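Colleague: prediction below, plus the sequence it came from.
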Amino acid sequence: MLPLAIVTALAMLVGWFPLTSIWGQQSQINSTKAQIAAIKQQQKSLTQQSNASSTKSQALIQAREQYQLVLPGQSLIQVLPGLATGVVAEHTGDPGFAPVVSPSSVSSLTTVTTPSLSATHPSSNFFTRFVHTLEFWR
């Protein structure tokens, strides 16, 4: 019985320890393969995007839409939408595709008024006036 127990113990030691390390290494290999597959998919997508924008016309379109760039000799004019009520000016990309502001809506534009610096309150103390002069605290 003792020789059988010794042989079984040796078989377990020889078989168990390498199998656990092999199993751990296999799980690391599988996770690395999954990461490689994801990176290859990203590379394929980026290559397709690069090929799509490699032509001169595509580069010009992208420069116009995303960066508002124009060719030499051209000028970019941006017409901003007015603040008319009930009109929603939603557009994305090229600002040249935005609707033109009608001249009648110019009167509806609000003007920004700046507070007068000479207006002081005689009843306020120094600290209150100091706090009111700091714009970022308001």
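Modeller: Good, I have the coordinates.
Colleague: low-confidence stretches in the protein?
Modeller: 83-98, 101-124, 135-138 (pLDDT under 70).
Colleague: can you rerun that using 90?
Modeller: Across the chain, the ranges flagged by pLDDT under 90 are 1-4, 7-24, 48-138.
Colleague: any idea which helix or strand comes after the longest helix seen in it?
Modeller: Of all the elements of type helix in the chain, the one with the most residues (DSSP state H) is helix 2-52. Note on helix 2-52: by DSSP states H and E, the next helix or strand toward the C-terminus is helix 56-67.
Colleague: just name whatever secondary elements the helix or strand just after that next one is in contact with.
Modeller: Under the assignment DSSP H and E, the closest C-terminal helix or strand after helix 56-67 is helix 126-133. Using 3 or more CB pairs under 8 Å, 6 or more residues apart in numbering; DSSP states H and E, no helix or strand is in contact with helix 126-133. Any C-beta I mention is one placed from the backbone N, CA and C, and that applies to glycine too.
Colleague: for helix 126-133, buried residues please.
Modeller: Residues of helix 126-133 include none that count as buried (16 or more other CB atoms under 10 Å).
Colleague: repeat for stretch 49-64
Modeller: Within stretch 49-64, the residues that count as buried by 16+ other CB under 10 Å are Arg64.
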